[in-house]
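Compute the structure for the input listed below.
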Amino acid sequence: MEDLIAYFTNNKEIIFIVILMVFVGVEVIGNVPAVLHTPLMSGANAIHGVVIIGAILVMLDSSPDNYLALSLGTLAVFLGTLNVVGGFVVTDRMLDMFKKKK
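The predicted model follows:
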């Protein structure tokens, strides 16, 4: 318990920034019109390749016998890949709506 309190006191600036980011993100997303929500979300999902790279880097730094880190990293890579592919699929479908029909 003392380690947890020491962690929070040593990193209170970072924790404050993360909490502030959550509030700003909720406010920004809440004010996006419904017409723009799908294009923004598909683009954001496509950018989630950063999550995949981060998960791979975490898995590279973990020891081979740390099964928790490896399984969570594998899950993060899998879900991040689904998110990226889904973002590209939705973006492709939206772009198809603007093509001229023959």
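
ok, then the element right after the lowest-mean-pLDDT helix or strand in the chain?
Lowest on mean pLDDT, DSSP states H and E among the helices and strands of the chain sits helix 34-47, with a mean of 70. Counting by DSSP states H and E, the next helix or strand C-terminal to helix 34-47 is helix 49-61.

Format the CA atom coordinates belonging to that next one as CSV.
Provided in CSV are the C-alpha atoms of helix 49-61 (Å, rounded to 0.1, in the frame of the first residue of the first chain):
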residue,chain,number,x,y,z
GLY,A,49,-1.5,0.9,-35.3
VAL,A,50,0.4,2.8,-32.6
VAL,A,51,-1.3,0.5,-30.1
ILE,A,52,0.0,-2.5,-32.0
ILE,A,53,3.6,-1.2,-32.0
GLY,A,54,3.4,-0.3,-28.3
ALA,A,55,2.1,-3.8,-27.5
ILE,A,56,4.9,-5.4,-29.5
LEU,A,57,7.5,-3.3,-27.8
VAL,A,58,6.1,-4.2,-24.3
MET,A,59,6.2,-7.9,-25.3
LEU,A,60,9.8,-7.6,-26.5
ASP,A,61,10.9,-6.1,-23.1
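
low-scoring pLDDT stretches of this structure, where are they?
Residues of the chain that meet the criterion pLDDT under 70 lie in 34-35, 37, 43, 46.

And it, what are its domain boundaries?
Domain assignment for the chain by automatic domain parsing gives 1-31, 35-102.

With mean neighbour count added, can I get the ones you listed in a markdown table?
Bear in mind the C-beta positions are built from the backbone N, C-alpha and C, glycine included. A markdown table is the format used below for these (neighbours: other CB atoms under 10 Å):
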| stretch | mean neighbour count |
| --- | --- |
| domain 1-31 | 9 |
| domain 35-102 | 13 |
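
which one is Thr81 nearest to, not counting chain neighbours?
Spatial nearest neighbour of Thr81, chain neighbours left out: Ile52 (6.2 Å); criterion: CB to CB, 6 or more residues apart in numbering.

which residues of the chain fall in helices?
2-10, 12-30, 34-47, 49-61, 67-97 (DSSP state H).
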